[in-house]
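Chemist: Got a sequence here, can you model it:
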Amino acid sequence: MFFEFILSWKLVLALVIPFLGTMLGSAMVFLLKKELNTKLLKVLLGFASGVMIAASIWSLLEPAINSFGDNDYLKWLAPSIGFIVGILFLLFLDVVTPHTHLDATEEGPNKAKLSKTSKMLLAVTIHNIPEGLAVGVLLAGVISGTISEGAALTLAIGIAIQNFPEGAIISMPLKETGVSKLKAFALGTLSGAVEPVASLLAILLTSFTQFILPYTLSFAAGAMIYVVSEELIPEYNEGEHSNLGTIGLAIGFVVMMSLDIALG
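Modeler: Okay, here's the model as predicted:
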């Protein structure tokens, strides 16, 4: 399966597209003079939340559920197990990894001697792991013939769309801390490098047996929902104008849902 992936330029393209979204978003550090406006930031965080929620439902949980027959008890049990394990996996990473949120709140081991910039990058890296896993398990499904290329490409495009503001969200604050534009761009881009790595690991894991595909699909969904619930929604609800984040969430959800239905 893995070698089939390497030989398919379409699948490789789907792997790279989300990373390009992060890179283009990070490039905003060269175009924008000031840090992102607070209101715009809330809209972007909400938009990313909406995309991830819709992707979790239509791109990941729905294929996992449809992998089984109507009378098969695994139709509900397998997605449930995968989803919960995905939540627990991200919870574990959150606990053991020192990281800093956008509101400067620090979490993880207190004794970790890392710079604020490093902790901020680790926070974004944690966010990007579920997205990489999601793309990877869908690509594994394409290779096995259980998921269409359109569905995988749709998810890759949706992730890339939400990665664009995410790249800007990480690179712009870095510039404000005194980091050069070039370094801020490089670090912002680097934060998205974990996605293709996670995707490749998901493809390799799923290549051993197709039995685990429904579990890995729902695992990725659980991990993405954890990020939305634990990180994105609380961040855009901080302070005034939280309704802008809700509007962004609605837009992101509709955009991703429409893409999945139209192209999947």
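
Chemist: What is the neighbour count of the residue nearest to Trp76 when sequence neighbours are not counted?
Modeler: Counting by CB to CB, 6 or more residues apart in numbering, Ile65 is the residue found nearest to Trp76 once chain neighbours are left out, at 7.5 Å. C-beta: built from backbone N, CA, C; applies to glycine. For Ile65, the count of nearby residues is 16 (other CB atoms under 10 Å).

Chemist: what about the helices in the stretch 101-250 of the chain?
Modeler: 116-144, 149-176, 181-190, 194-207, 213-227, 233-236, 242-263 (DSSP state H, counting those that start in this stretch).

Chemist: same for the fourth one, what does it pack against?
Modeler: When contacts are defined as 3 or more CB pairs under 8 Å, 6 or more residues apart in numbering; DSSP states H and E, helix 194-207 packs onto helix 2-7, helix 9-26, helix 116-144, helix 213-227.

Chemist: Averaged pLDDT, the first one. What do you get?
Modeler: It stands for helix 2-7. Helix 2-7 carries an average pLDDT of 50.

Chemist: What residues does the closest residue to Ile212 other than its chain neighbours make contact with?
Modeler: Nearest non-adjacent residue to Ile212, counting by CB to CB, 6+ apart: Thr206, 6.2 Å away. By CB atoms under 8 Å, 6 or more residues apart in numbering, the contact list for Thr206 reads 1, 136-137, 140-141, 144, 212-213, 216.

Chemist: can we see that at 7 Å?
Modeler: Applying CB atoms under 7 Å, 6 or more residues apart in numbering to Thr206 gives the contacts 137, 140, 212-213, 216.

Chemist: and the gap between it and Leu133?
Modeler: 10 Å (CB to CB, to the nearest Å).

Chemist: same question, Gly192
Modeler: Gly192 sits 14 Å away from Leu133, going by CB to CB.
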